[in-house]
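Colleague: when you get a sec, could you give me coordinates for this:
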Amino acid sequence: MRWDDTLEGIETTLWDALARGVGDPRAAARRPALATIGADGGPEARIVVLRGVDRARGICTFYTDSASTKVSELAADPRAAMHIWEHGLKLQTRLRGPCTRANDAQEDAAWAAEPDMSLGNYGVTPAPGTPIDAFDAFERIPARARFAVMHLEVRQIDAVILADDIHRRAQYRRTDTGWERGWLAP
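Modeller: Modelled structure (predicted):
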């Protein structure tokens, strides 16, 4: 029996792939696409760096500059999705749920643990997305006040395996008592 023949096998494999993304810079899950709802009501998507995964709580964590549009978009409407493509497994994973900012104590601890060379990514002047005259017309000024830790609370997972023999698709929904699992037509 293969890992993708059972709902449990797919679930374990996708969470393991997410966990690899936290520690391995070459892992596909290291840089998932994050989708939010833009200020104009349209979709927005961008790459983030996965910084933490807590399977038991169903949480995926990333860091960002608090002045970035994704933070204001999520404050206005916390619905978000992450998308990861694991080429070697032929596994597409979509994670959906509310994405909210961590508390100050969590952000302080994460800031203290960040390497000095990364801190300049949080405090870019002018703020991310501001028009500039040249590609390098900005300053990297580390600012703890601009460091945001964001948590995606995974409430739904859609996993599609594009296997050579037969495609498979599974859905997982978080409930108050755990995860509901089921097969979907691919």
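Colleague: any idea how far W183 is from the nearest residue to G182 once chain neighbours are set aside?
Modeller: Distances taken as C-beta to C-beta, 6 or more residues apart in numbering place Q171 nearest to G182, at 5.6 Å, with adjacent residues excluded. Using the backbone N, CA and C atoms, a C-beta is placed for each residue, glycine as well. Separation of Q171 from W183 (C-beta to C-beta, to the nearest Å): 8 Å.
Colleague: may I have the beta-bridge partners of the residue nearest to G182?
Modeller: With DSSP bridges as the criterion, Q171 is bridged to D158, G182.
Colleague: what's the burial count for it?
Modeller: Here the count is done by other C-beta atoms under 10 Å, and Q171 has 16 residues near it.
Colleague: next: the one 4 residues further on.
Modeller: Using other C-beta under 10 Å as the criterion, T175 is surrounded by 8 other residues.
Colleague: tell me what it is bridged to.
Modeller: G178.
Colleague: so what's it scoring on pLDDT?
Modeller: On the pLDDT scale, T175 is placed at 94.
Colleague: quick one: the strands in this protein?
Modeller: Taking DSSP state E, the strands of the chain run over residues 33-37, 43-47, 50-54, 59-65, 79-86, 91-101, 124-125, 139-140, 147-153, 156-161, 168-175, 178-183.
Colleague: could you dump those strands to TSV with distance to E73?
Modeller: As requested, those are arranged in TSV below (distance: least, C-beta to C-beta, whole Å):
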stretch	distance to E73
strand 33-37	4
strand 43-47	6
strand 50-54	19
strand 59-65	11
strand 79-86	9
strand 91-101	9
strand 124-125	18
strand 139-140	23
strand 147-153	11
strand 156-161	19
strand 168-175	23
strand 178-183	28
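Colleague: wait, doesn't P43 sit right on L34?
Modeller: No: contact between P43 and L34 fails when scored by C-beta atoms under 8 Å: they sit 11.1 Å apart.
Colleague: more crowded one of the two?
Modeller: L34 (24 against 10).
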